[in-house]
Structure formats: C-alpha cells, structure tokens
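1. have a look at this prediction, sequence included:
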Number of protein chains: 4
Amino acid sequence: MTADDLDLTIERLGTCRIPSPVSVGHFTQDNENVLFQVALPDIETCLAAGKKPSVFEQAGPREKIYFDPSKLKCGIVTCGGLCPGLNDVIRSIVLSLHHHYGVKTVFGFPYGYEGLTYRYGHTPLELTTKAVERIHEQGGTILGSSRGPQDISEMVDTLERMNIGVLFTIGGDGTLKGAKAISDEVTKRGLKISVIGIPKTIDNDISYVQKSFGFETAVSEARRAIYSAHSEALCARNGVGLVKLMGRESGFIASYATLACNDVNFCLIPESPFTLQAFLKALEARLQLRGHAVVVVAEGAGQNLLENTGDLDASGNIRFEDIGIFLRDEIINFFKKSKTQISMKYIDPSYTIRSVPANASDAAFSLLLGQNAVHAAMTGRTNMVVGTWMNRFTHVPIAVAVSKRKKIDPDGWMWASVLTTTGQPRNMLNPDLQ
Amino acid sequence: MTADDLDLTIERLGTCRIPSPVSVGHFTQDNENVLFQVALPDIETCLAAGKKPSVFEQAGPREKIYFDPSKLKCGIVTCGGLCPGLNDVIRSIVLSLHHHYGVKTVFGFPYGYEGLTYRYGHTPLELTTKAVERIHEQGGTILGSSRGPQDISEMVDTLERMNIGVLFTIGGDGTLKGAKAISDEVTKRGLKISVIGIPKTIDNDISYVQKSFGFETAVSEARRAIYSAHSEALCARNGVGLVKLMGRESGFIASYATLACNDVNFCLIPESPFTLQAFLKALEARLQLRGHAVVVVAEGAGQNLLENTGDLDASGNIRFEDIGIFLRDEIINFFKKSKTQISMKYIDPSYTIRSVPANASDAAFSLLLGQNAVHAAMTGRTNMVVGTWMNRFTHVPIAVAVSKRKKIDPDGWMWASVLTTTGQPRNMLNPDLQ
Amino acid sequence: MTADDLDLTIERLGTCRIPSPVSVGHFTQDNENVLFQVALPDIETCLAAGKKPSVFEQAGPREKIYFDPSKLKCGIVTCGGLCPGLNDVIRSIVLSLHHHYGVKTVFGFPYGYEGLTYRYGHTPLELTTKAVERIHEQGGTILGSSRGPQDISEMVDTLERMNIGVLFTIGGDGTLKGAKAISDEVTKRGLKISVIGIPKTIDNDISYVQKSFGFETAVSEARRAIYSAHSEALCARNGVGLVKLMGRESGFIASYATLACNDVNFCLIPESPFTLQAFLKALEARLQLRGHAVVVVAEGAGQNLLENTGDLDASGNIRFEDIGIFLRDEIINFFKKSKTQISMKYIDPSYTIRSVPANASDAAFSLLLGQNAVHAAMTGRTNMVVGTWMNRFTHVPIAVAVSKRKKIDPDGWMWASVLTTTGQPRNMLNPDLQ
Amino acid sequence: MTADDLDLTIERLGTCRIPSPVSVGHFTQDNENVLFQVALPDIETCLAAGKKPSVFEQAGPREKIYFDPSKLKCGIVTCGGLCPGLNDVIRSIVLSLHHHYGVKTVFGFPYGYEGLTYRYGHTPLELTTKAVERIHEQGGTILGSSRGPQDISEMVDTLERMNIGVLFTIGGDGTLKGAKAISDEVTKRGLKISVIGIPKTIDNDISYVQKSFGFETAVSEARRAIYSAHSEALCARNGVGLVKLMGRESGFIASYATLACNDVNFCLIPESPFTLQAFLKALEARLQLRGHAVVVVAEGAGQNLLENTGDLDASGNIRFEDIGIFLRDEIINFFKKSKTQISMKYIDPSYTIRSVPANASDAAFSLLLGQNAVHAAMTGRTNMVVGTWMNRFTHVPIAVAVSKRKKIDPDGWMWASVLTTTGQPRNMLNPDLQ
C-alpha cells in the first residue's frame, strides 16, 4: 500500500472559539498524529523522496470547540444490516453529548436514511439519557435500520428544517457514500452542519480503519457455529460440517474465526480463489485420512464458480448466488458420484451472529468510538469518520475511507497463519499443484 | 390418557443373589413406586372399578444384584441425531459401573448400531474412567452415531461373541424399537444379556417419560435463535423473524422456547393445525398493528399444507418437505401480492441447538439417568428404559415407551399458556373464526 | 412425611360471578387436583384408614372470576435477597393482568415492605405494559427490595387508602409470613383484598413447593464457580478449591451443583453434619491420592462447628459465622501443622449467582408462575401461594408453605446420588467410621 | 516514553543454514520491522538528532532455520497464576512444532520451574498432538503451575541432561526474569539452547508488549462481576456494589472493564492515588444524588492507605493488605458514623476470572503467539519474548520486556475516557479540589 497520495486532511466548518466544557484534564492537540505506515524502511523511502509521510489526525477532546452546546441539536441515524454494538454507539453519543458537553437535544431518525426522508412519515425519536439507559444490553438498533440510498436533497431539507447541527451516520460503505453526498450538499448550500460517520461493517472491510465495532463479537458467535459444525462432523462417519459466514468482499470473519476455533480444515475466502475440482479433491483426501472435515466459507468466496445473477440488493451490492447452498449441493453430488456415503451438516448462522449484544471488547470499543465521534463533531470537523489506526483513535476523510475495500493479503502473514492452522492446500486453483 | 391397560411390569433375567457393593446407605425397595395418574378423582374411579391404579417401578440401587461385577462386560451405543448430554450419560454409566460396582470393562460401539454389526468393521472403544474424564465438556457423542436399523441377529452375535452382559442403548423411538428387538432375540436365544435404554429425544416426545435429557439445553439454545429473530424483526420496517425449531411430531421445544422468550407472536406446532390463509391473515393483522412479528414453527407443523414426498430417512421417519422454507416463501409471496414491503429473516438453528454441551440442569439429569440405568442393569432388569415420572426416576418397559408418541394436548393448560403468551388466534383453521 | 393433617383448603374472598375474559378455551375446574403423595402404598394406607388423601388444588384460569377487571387495582412487592427471575415474575403478572383480564392499573411498591409503609416516603411505580417490556432481560428487580418486617397495620392502611384489590408478594419465608399477617389483618378489617404469594427462595427450601424460580439459574451459575475452583485446584500441587454456596438451612444448591459439575470431591450441607477432624482427615486422604480436591460447602453447613453469634439479620435469620472463611482457615492451619504445602483457592460467588437474569428454564417457569398467580387472584383466592407439585401448578395455603423448611433427606435417593458422585465418606461425624 | 536508549537487538545462537519446511509461501524478512514510536513528530525529532528510530523486529516464519527439526527436543513450562489462554498457547506451540516443522518431541514440565528442578521429582509429560487435542477447551494449564524462582543451575542441568534445544517459558515478570537467568547461564556454559518467553500477565503490564493473552477474556469476565454488583446496588436503598479486580501495579483490567460495562461510578487504580476522605465524600455525594453506586478497585490501588505488611509472596511480589476488604470496611464504618443505612455488596471475582477458557479473541491471539514463538525458536533466536506492537507480532529482548512495568498514563487519553465515563472526580487526593 503506497500512501504517498493519500489526502488525510479533515474538513472543518470553521474556527473553534468556544472553550470546551470537558473536564478531564487531557486534551488532544491538533498536531498529534499517527503514521499511516509504521515500518521504518517505508518512512525512510518516503523521506528520501522528499515527501512527508502520511499521518492520520488523532481523535480526542480539544480545548476549543466550534458549536455552542446550549444551542446545538444533533441527529443519529443507523443504516444497513445489524451489527453488534450499534446500541452502544448510539448510547455513547447521546451520553457524551449530554454529560461531557451539555447538549440536550438529540434526535434518532428511524429506519436509516428513510427517517430523514419526509415521505416515509417516520417520527424522529428524542434520545434522552433515560431513553438510552440500558439499550446497550440489547442487540440490534433501537432506531431500526433500512438499506439503500434516499434523495440527498430531501434529507438535507430535513436537517435544515429541524435545525440539526451534527448528523452522526452509523453505517457501512454505502451509508458513508451517502453521508459524503449529504456533506457535499450541505457545503453547496453553505450550511454549517457537521456530518460524522462511524464505520459499521461486520465484515471489517472499511479501508484505512483497522478494526470496526462488532467484529470481535461476530467472530465469537461464528466460533459457536463452527464448534457445532465440528461436533456434528466428528459424530458421523464422513461427517462434513459446512459453515457459511459473512464476508462479501473480504474474508476477515472467516479467517479470524478459523484462528479462534482451530477445528477448521478448509477456510474459503474471496481473496483466495479456488476451483471446485481442486477443493473437492482436497476434501476427499481429508475425509479419507481423518473421517470428518469442517469447511468455513465466506459469502463472497468462490464467486467465479457461480452464475452472475446480475441483481443488486437495496444497498446496491451485487446479489450473489448463495455459495453456501452451492457448495453444500456440489459436495453432496460429488460424493454421491463416488459412492461415498457422507453426512453433510450445513449451518448458516448469519442472523444469529449479527443480532446479539456487543461483547465486552466491542462494548468498550463502541463507547470510545461514540465519545470520539462527539469530540470531533463539537470542533466542527465534518465529512469524516472516526476510525482506529495502530491502536489510536483517528479521523479519516470519508472520501478516503470509501475509496476501496480492505482485503486480506493472500501473500501476507495473516493468510499464511490461516493456512498453517487449517493445513489446507495453499493452492486450490490447479488440482495438480499443491 | 387412561392407564388401565398399561402393563408396567419390568422383565428380569433372573433372581438377584449378590449383595450390592454400593455403599451409600440408601437402597430402593422393589415395591417403591409412583402412580401413573396423580389426580385423586382418577385414582378413585380406578379403585371404584376394582382395578389397581398403574404404577411405575421406582429406579435406584437395590440391596441385591444379579450380575457379578468382577466378570461383567458392558457395552454402550448411541444412535440417531445429536442431543446435548450424550457424553454426560456415557460418562455417568462408565463411572457408575466402575466406581459403584467395580465393573472394569466397558466397550463403546462406534457410530450407533453400525458398531454392533460386523461388516462395518468399526473397532469398539474401551471406555476407561480416564477416557471419559472430561468428555462431558464436549457436545456430541464420543462414540459417534448413525441412523437406521441394522440386522438384529448380527448385533446379538456381536454381543454374544464379545460376552457382553449389559447393553446400554441411548437413542430415540427407532433406537428403542431396535433395543426391544435385540432384547427379544436375546430371550429367544436364552442368553442372559440385559438391554437398558436411555431415551434420547430432543423433541421430548417419548411417552410415559416426563422429560428427556437435552431438552432444557435445547430450549435454552432455541431461545437464543428467537432472540436474534426478534432483534432482526424489530429493527426493520415490517420485519418478520421466522425460526424453525425441532419437533417432528410434537411441539414441546417450540412451545417451551416460546414461554422462555416471550417475544414470539405465533407458535406453530404439529398438534394444532392451521390453514395458510388464516395464518397469513393473522400475521398481516399483527404487522399492521405493531410493525414486526416473530414466528416460531416446529418442523412437523403444518404438514397438511405440504406435498407428501413419500420418502423415509435412514431412521424410517417420513421425510417432510421443509415447513420453514415453505412458510418463508409463502409469507414473502403473500406480502408481495399485497404490495406490502416486508423484511423476512429466516433462521434454522437446528444443528447449533443439538450439538452443544449440556447445561447445568441437563448435566445433573444425565448423570442421574446414567447412574439409574446402571443400577437397573446390575439387577438383571432388561427390555426397559430409565425415565422420570412425577420427579422420580422410573423403570418403563420399552414396549410401553415406544407404544405412541407424547404430544402436547391442544386443549390442555400448556397450550393455553402458550396461546395467552403469544396472543395468537386460538383457531387458525378457519380464517373467519377466531 | 405424613400428610394426613395437612389442611390444603384455599381461602376465598367470595363467590365468583363474573365470566372470565380469558379466551384460550381451557379452564381449570375447581375439582382438578394433585395428590400430595404419589406412591400407591401411601394412598392405600390412607384410604384404608378411612381418610381422604391430601390433594393440592390445581392452578389455572377459571370460567368465573371474583374481581371486576375494569375496577381492579393491583400491587406488587418484592422482598428479601435477589433471585434470578424476579423481573420475569413481575412482568408476567403485569402482562397477564393487562392482556388476559384487562386490568389497567398495577402499582409496584419500591424496596419491599418499606414501599407499603408510609414513613419511608417511597413513591409507588405505575407498572404499564411499556414499563415492563424488556425488564426480563435484567437481573435483580426493578422494584428494588429490602429485608425485614414492617408494621402490618400501616401496610394494610396503604392498601386500603390506595384501593388495592390484590397484593402480589414475591419473597421467601419471612415475606410470606408477612403476607399471611397482612391477609389476616385484611380479614379482621373485613376488607376484600386478596394476598397472593409467589415463593422466592434461591435455596429452594419452601415446603410443599417442589421447585422455586431462580433455582436452576443459580445451579447454573454455581457450576461456573465450581468449574473455576476445579481449574485452580488441578493446576497447583495440592490445590484445594473451596466454594461456598447459598443454602442456609438446606443444601439443594450445593447438591444439585455437585451433580451438575461432578468435579466436586466433598459436598457439605446442613442436613448432613460432620466433625472438622473427620472432614480434614478425609481431605488429606484425597490429596494424598489425587493431588487436588474440590470442596463445596453450603452456607448453613457445619453450624455445630461455629460460635453462635446470637445475632439476627434484618429478616430475622440467625447470622451465622461464615462457614466458608472458617473452613478456609481451618484447612490452611491443618496442613500447615502437618507441613504439607497446599494451595488454597477460596471462592464465594453468592452475589454473582443471584443477580443474573433467569435462564431459559426459569424464564418459562417464572412466566407461568406469574400467570397462575393472576388467575388465582382474579377468582378472589387469598392467603395462598402459587407453587408446583408433580409438575402441575398448585395453590398452597401460606400457613402450610411456611409451616416448616424443605430439606434434603440424608437417607434419601438424592443425597445418596451426591455421595456416589463425590465419593466422599458417608459418615464424617466419626473419623474412624466411614 | 523516550526510546532512544532501547536496545531491541535479538540474540541468536548461530547462523540459519537449514531451509524451512514451512510451506505457506510467506516468509518474514529479517529487516521487516515496526517503529516503536508511531507519531511523526517523534520520528522527526529522532532523525533530526541523528539517531535511528527504535524498531522492533517483526515475528514470523523465516526461510532458513537454525535447528534441525528431526533432532530437536523442546520443553514448555507455565509459571505463576492462571490466565485464560495458557492451554491455547501450549497447544499452538506443540502443533506448530509438529505440523509446521516436524519436531516430534516436546516435553511439558509440570508445576512451573519446579518441573525443571530435580528434587521435586515431577515427571515431564510428553506432549503429543493427541495429548493436546482439546486442551484449549479447558481453563487453567494442563502442565500445572507454581510461583517462585528455582535454582538456575539445576534447571539448566535438567535441560542439558534431557538434551532440550528450546525452552518455551510462559509466565509473567518473575518468570521472564528467570528465563533470562536461564538463558544467561546457557550462554555461560556455551550451550545451544534457545529460551523463548511468551509473556503471560492478566494485568497486561508487561512493557513494550501491547497486549498480553487472556486480557480480553479477563475483561469479559470482570464485566460479569460488575454487572452483578450493579444489579445488587440498584436493587437496594443506598446500595453500594464494590468489585475488586486484578491489577497489582497497573489498572488496565479495572479501566477496560469500566469502559466495557459503563455502570461504574468509581474506578480506582494504582496509577491514580486518592485519599480515603476524598473518595468517601465523593461516594456520599453520589449516593445522595442517585441512591446507589458501583465501585471498581484494582488490587494495587490505594496502597498508600494500607499498612505495609513487608511480606513477599512466593513470586517475590509484595504482599499487599487487601484493598477490597479495607475499602469495604471503611465504607461501612463511614456511613455508620453518618447514620446512613447503606447496603454493601462486595465481590472478589479474581479466581473465576482467571480460570476460564479463552474467549474467541484470545484464542486466536494465543494461537498466533504460539506459532510465532515457534518460528522465532527455530531460527535460534533466544533470550526474547514474542509480543505485539502496533498490531504486528514482534520479537522483544527479555531484558527490555522486564525493564519496567507498563502502566496507565494518568494524563493520557485512556484514563481521560475512564473519567468521562464514570463521571468520578478527577482529583480525589484533596477532598476540596475536584
């Protein structure tokens, strides 16, 4: 990844003149930053070329803020699929606005961007501290969610009409693109509305953001499904446990769950293509050797094997034929042909993974994301997301965050660790080459 | 349920002459029993008719035993689908044989009745106390399992050749029928082999047995799936969470899970038939009223609505068309026709429910079942299962246990409680009658 | 237990004239009952003596009710220590009153009987269906609790002044005695107020009630503590894991947790006294044999060994010296004297056991208890608790429920199973007799 | 933290000449590294001063290795207190040695450094792949553990006699110091034995190592205890829930658990001293305002308030008087004096936190630590630990890792976040200054 052309400058609505009411005795300075690249040779190369290494601005409370808390109204919207931690982030934003800055009015817009669009007729919820008291103990989002874009102009109309000063948008790639469009329209109209994104992607595939909330909980729940697949596979002659996990364009959940539950014999991810024949031969070899096998497949894996339906879902994602069902049927047929009796147990745990409350790690992380989103917003920063990089909380321009998807490097250490853990063939493209 | 014709007499291989080595100071007497019916009017009616009320023999250690522990060899086999607690029962049998009676040799036959059949070539496992030390912490069965009957004569040959004195069979309806056939063949050959069943049915549908092991764990895990369905349904406009649970002929899991997680709006079970039209109209009404709905369906529900495939699975169970998939598609189509946009989330958690380790309650219960199975076996009782009735452990002739399936009484208190909890229409057969 | 003198007749405020609005098509008849004793010989003896066997009235909705739902106001109070399921019971009562009978006004009195006593100044909470929506997901009680009695007359004044028709009291032995006193005072004043108890005892020691809510969750959590004690003990040379569990007068939690987690080597309960010397010698023998040991002790065990402090707590219970701390120190001293280096790990998990949400089994059970309490109340029954007997829900006069404590029979099957599971000496009173 | 004097060079036994058998297609190059400091200004300052910024060597498999796998024998030892993930690390080392390099002989030395010392008479366990198959599902360590140092010379004798080529030591500060002493003695004797540490500190206080295994699981379990304390506190008038957590010299667990479970009102850690008076006044104010309070205290907090016992434990740690018990009693006395009735619930969950199996995140992390420890060992690196820095696995000289303890910066962002989350006074040293 070369970072030379990354523009990591954060937009601002204006100058910060108001002393911050935050009373913790620690303020982040505007020049505190984190290097994008943390290997010395990269930095030396960059400096030798006369360039300044790319750095992320560090998040945190500032001494001076832009908005007057006593007059500020904020809005929150959650979009796309469920993800553990959504309610934690909502709660953290509301509590931080209230307790740290004294902002009294926070609205929750129901059902994603629909809630900002007049014609759906959804009534905004007033998010008091009482209203969010125990919501972090519940899965899902108290605001509800929906997929897909809405008319940008209408949404900015709503913000303008309701006199919203900050809009917090919690969502994935599509949602952030929408947030950017809203921010651009806000600028065009000369409004002073800050748009702050909190990246939500259970797949962990937002670029320039090291980890997204809900990911660890998802891996935890995925491990439960793999545990079950392993039990089932072990207890039958030629038992095959097949688990489909989330991961449309990247195999992070599948890979980490494999590392967390090392009963997996094959981990199939989008970044490492395979042919059906090579995979089936390797599976057959495994069954002959050990009498059972566990296969984990990310939903975006093996797309080369599937018919392109050409459809898009409401969020504009390509609707894939289901690789889980496809593999299940192909495995059954393959062994039927070879007259080997197998016992196939297929598990698709997606909804049960994404709808649970955040685990401890994600709860703490979501809390900090929410607090840092509020700190950024209060300074008038806009058109940015709150992320993490090298264990520090950072500010990232939305444009950069949505510029590409984060993927597992098939030649990197992580995938190597997965391969050494499963013992699967490195190369399942050519059945003769292993 | 009239009990007048129940023959609850337990078969025995011979007279108990050997003093029991069990040293706990409490022995069950052979005349200790439990009434089948526990309402006074039933007992009075029975006595008035000059009949003796039916009673179950009470389980427990006896002062005299039949088998000489120093010479006894035992075998254990687990059949059919996975169920939480299988390893607990295996472990309890092994430890009780060893520690309480001093029986040193216990074999585990792999992969169900296959393991007793020569031609499969499976090698019996020797189950030492060391081998079973921590197996209760694992889901599944360390013996493996398989479905379907095997040749009775071949299996008895194996028992005879290996000089097995007691065979413990852990399995459901089909397995117990097999156990009865083995026991009958044993009698025909004049052998002295005791066959003791431990009823395993995650559906809880063995008759004359109040509760089977694994059921509470199953309800616990089912509650997790319903929780997720509820989260998903709540967070979408017109969200419908549909969960398919086990329950081929009876709706115990679906009903108890509904009571345990009272976010369910419709609980559909085999014992209470419904028409598609009535259900869909009720679902539509619910969505109009509250904007989301949770539906739980037992796999054997609504069979009148499905095409009869005529197929049988390896265990001889009728292969149903999948009611979960069927309902999912019918609901989607129904609302598509009425141009109502809904969000359908379908969850089929069956494998993840049945493959987990037993919870505390099932662990204690499985331990006691195993101990009581051993106590019964040592006295030479045979052709029986260990069950529970009115919170006491009992002996039940296999013939009685497999005589019919236990079902929920659609006119009884349990179903009434489910209906009052969900608020669903009592009658979904006629859409006009509610 | 002879039941000949048990008066199980339930008091009533008057005749039921109002048709029930409950619409589930199943009504319990007043003559439906459950035998107190369920072994045939006991029944025969009783009948031979010309007596009628004792029966419990069966709980459930009746066709006619006493109170007019449109005018009825109800109150709920929770007293004593926390117990999993408290919020489930509260919620079930509120929802059943509202949805099944149309009762609109339900008050929650804060902090136990304090909430009914003017001088504490607590304001009653109005318990709407919205207010109780998700409370079952929280441990504890939303009403708060307190220990100890309050002035009966003042409390009846409050009920009268607020025009409460039914008071639901959720609590243990002391609370139920208070409820009885309230009911007696109500009768004395000629008021028409029904007092219905829901027995809450995490120790499971209410007589004539088979199981109380929260018990299974408690065993579940206790198993976690024992698991930790076992891990710790195993990983150290001469590791001793000592766990103190609840059980003031009876060892149900300790015994069931031992059965559920059979790593326990010594289970010490109030019903089976022991001398320190005998126990320590047995522990020494165990350590010499296996190098580690796990000891579970109920808080009321070994009271003969402790100094009588003479103190009472706010609920009037004798304040015991802490047997856990006592044993920990005695064990350490004993091995110090014998110059054996041991590693003692003492765990007292009481608060973490009792404050968690109900597990699935207790959730369903609490729901049904609440519904049946409401059904009983609506018919004007009073001075009774809702219990279970032989897996049916029953009505039990408070006077009977508080007449004595339920205990484990040291000569019965349960304790025998515990002894066979731990392998501990049957008799630890005399160190020479084992 | 200035890093200018850090010598991060890793010792090696000799030149790597043997091609690695690891077949994953990704090898780490020796010049791959990670900057110690990742803020650009620090790097610029360093370069401007003509110094080279400190970098950690990156972990991972190398193309050439030092040891001949066919002849290598390895040993593993686990020391000190239990920590979630110990068995995962052991298992990962054994499987990686076996599957990746073909090393067949791995010994586990029982009960920590005792196992390396002849006079204790412990027999080493042979760790086959079968022996470690499911150990990751168990808490604790299958090797057992002990505290305290043993004679270095004797331990090296054992290694020499058994012909051990690599010793993996899993333990905390004291253990690593012992490992360094062993390594130094090895060098002195001119032996070719690699000593590789895997830092184990549930307190997360090893310097120059970003995160240690088991920490996230510990926070998770700590959250459960706080949840209970919160339930208890909420349900009583003036309820005070007090939880003592691990953290002898640093408050990481207390702080993260506070962020993960934001019901905490006071978080007390060693890095932020307080006076009893100031704390009690703040607690009183909180109770007056809200009627309940939750206090979390790290075991090393408030040491200034305690009597110095002067004792050391077997590991050489100062034995503190127990701050939890101290605070519990002081709080009770304070409110007794002011005649305020409070309800104190004290929870000390330490053993139940540290003895559970690793959660998913720690399981994956432990696996990778074990694999990277093996990769480092095979190259003949020695006298080092495997750590993480900026999300990369690193090599750190033991001398550096034990040079000081990692602590929370009381002026940094983390503590600021804790303060904003609890709302506790920033300064509890002077009761007048807040």
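-> Yep, that arrived. Residues are numbered from 1 along each chain as shown, chains lettered A, B, ... in the order given.
2. what about the residue lying closest to residue A:338 once chain neighbours are set aside, which helix or strand?
-> The shortest distance from residue A:338 to any residue that is not its chain neighbour, by CB to CB, 6 or more residues apart in numbering or on different chains, is 7.3 Å, and that residue is residue A:284. Every residue, glycine included, has its C-beta placed from N, CA and C. When elements are assigned from DSSP states H and E, residue A:284 belongs to helix A:276-290.
3. list the buried ones in that helix?
-> Buried positions in helix A:276-290, judged by neighbour count with 16 or more other CB atoms under 10 Å in any protein chain shown: A:276, A:278-284, A:286-287.
4. could you dump the residues you listed to a markdown table with pLDDT?
-> Rendered in a markdown table, the data for the buried residues of helix A:276-290 read as follows (pLDDT from 0 to 100):
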| residue | pLDDT |
| --- | --- |
| A:276 | 95 |
| A:278 | 96 |
| A:279 | 97 |
| A:280 | 97 |
| A:281 | 96 |
| A:282 | 97 |
| A:283 | 98 |
| A:284 | 97 |
| A:286 | 97 |
| A:287 | 97 |
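5. of the residues you listed, closest to residue D:250?
-> Distances from the buried residues of helix A:276-290 to residue D:250 were compared by CB to CB; the smallest belongs to residue A:286, at 45.8 Å.
6. surely that closest one and residue A:280 touch.
-> No - applying CB atoms under 8 Å, one finds residue A:286 not in contact with residue A:280, separated by 10.6 Å.
7. residue in the stretch 251-400 of chain A with the shortest distance to chain C?
-> The stretch 251-400 of chain A approaches chain C most closely through residue A:357 (9.4 Å), counting by CB to the nearest CB.
8. that residue and residue D:12: what is the separation?
-> When CB to CB, to the nearest Å is the yardstick, residue A:357 and residue D:12 sit 48 Å from each other.
9. how about the residues of chain A near chain C?
-> Within chain A, the positions adjacent to chain C are A:134, A:137-138 by CB under 8 Å from any CB of the partner chain.
10. now residue A:335: phi and psi?
-> In terms of degrees, to the nearest 10, the main-chain angles of residue A:335 are phi -80, psi -30.
11. quick one: contacts for it?
-> A:238, A:284, A:341-342 (CB atoms under 8 Å, 6 or more residues apart in numbering or on different chains).
12. have a look at residue A:357 and residue D:12 and say which one is more surrounded.
-> Between residue A:357 and residue D:12, counting by other CB atoms under 10 Å in any protein chain shown, residue A:357 is the more crowded of the two (21 against 15).
13. how much space separates that one from residue A:79?
-> Computed with CB to CB, the distance linking residue A:357 and residue A:79 is 20 Å.
14. filter the contacts of residue A:335 down to the buried ones, ChimeraX style.
-> In ChimeraX, the members of the contacts of residue A:335 classed as buried (16+ other CB under 10 Å) are selected with the following command:
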select /A:238,284,342
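15. from the contacts of residue A:335, which single one is nearest residue D:101?
-> Minimum separation from residue D:101 among these (CB to CB) is found for residue A:284, which lies at 27.2 Å.
16. how much space between that closest one and residue C:225?
-> In this view, residue A:284 and residue C:225 are 47 Å apart by CB to CB.
17. assign residue A:222 to helix, strand or coil.
-> What DSSP: H, G, I helix; E, B strand; the rest coil gives for residue A:222 is helix.
18. what pLDDT does it get?
-> According to the predicted model, the pLDDT of residue A:222 comes to 97.
19. repeat that for residue A:319.
-> At residue A:319 the predicted local distance difference test score is 68.
20. over to the one 5 residues further on?
-> At residue A:324 the predicted local distance difference test score is 96.
21. list the contacts for the closest residue to it other than its chain neighbours?
-> Across the structure, with CB to CB, 6+ apart as the measure, the residue nearest residue A:324 apart from its sequence neighbours is residue A:244 (3.2 Å). By CB under 8 Å, 6+ apart, residue A:244 lies in contact with A:297-299, A:322-324, A:346-350.
22. if you set the cut-off to 6 Å instead, what comes out?
-> Going by CB atoms under 6 Å, 6 or more residues apart in numbering or on different chains, residue A:244 touches A:297, A:324, A:348.
23. ok, the last one - how many residues close by?
-> In other words, residue A:348. Taking other CB under 10 Å as the neighbour definition, residue A:348 ends up with a count of 21.
24. leaving out sequence neighbours, find the closest residue to it.
-> Leaving out its chain neighbours, the residue that sits closest to residue A:348 by CB to CB, 6+ apart is residue A:244, at 4.8 Å.
25. now the angle between helix A:276-290 and whichever strand or helix holds the one you found, please.
-> Taking DSSP H and E as the definition, residue A:244 sits inside strand A:239-245. For the pair strand A:239-245 and helix A:276-290, the angle between their directions (axes from the mean of the first three to the mean of the last three CA atoms, to 10 degrees) equals 130 degrees.
26. confidence score at the residue nearest to residue A:348?
-> The score at residue A:244 is 98. That number is its pLDDT.
27. residue A:413 too?
-> Predicted confidence (pLDDT) at residue A:413: the value is 85.
28. same check on residue A:24?
-> Taking residue A:24 on its own, its pLDDT is 71.
29. just checking, it touches residue D:420?
-> Yes - under the criterion of CB atoms under 6 Å, residue A:24 makes contact with residue D:420 at 5.4 Å.
30. who has more neighbours out of these two?
-> Between residue A:24 and residue D:420, residue D:420 has the larger neighbour count (other CB under 10 Å), namely 22 against 18.
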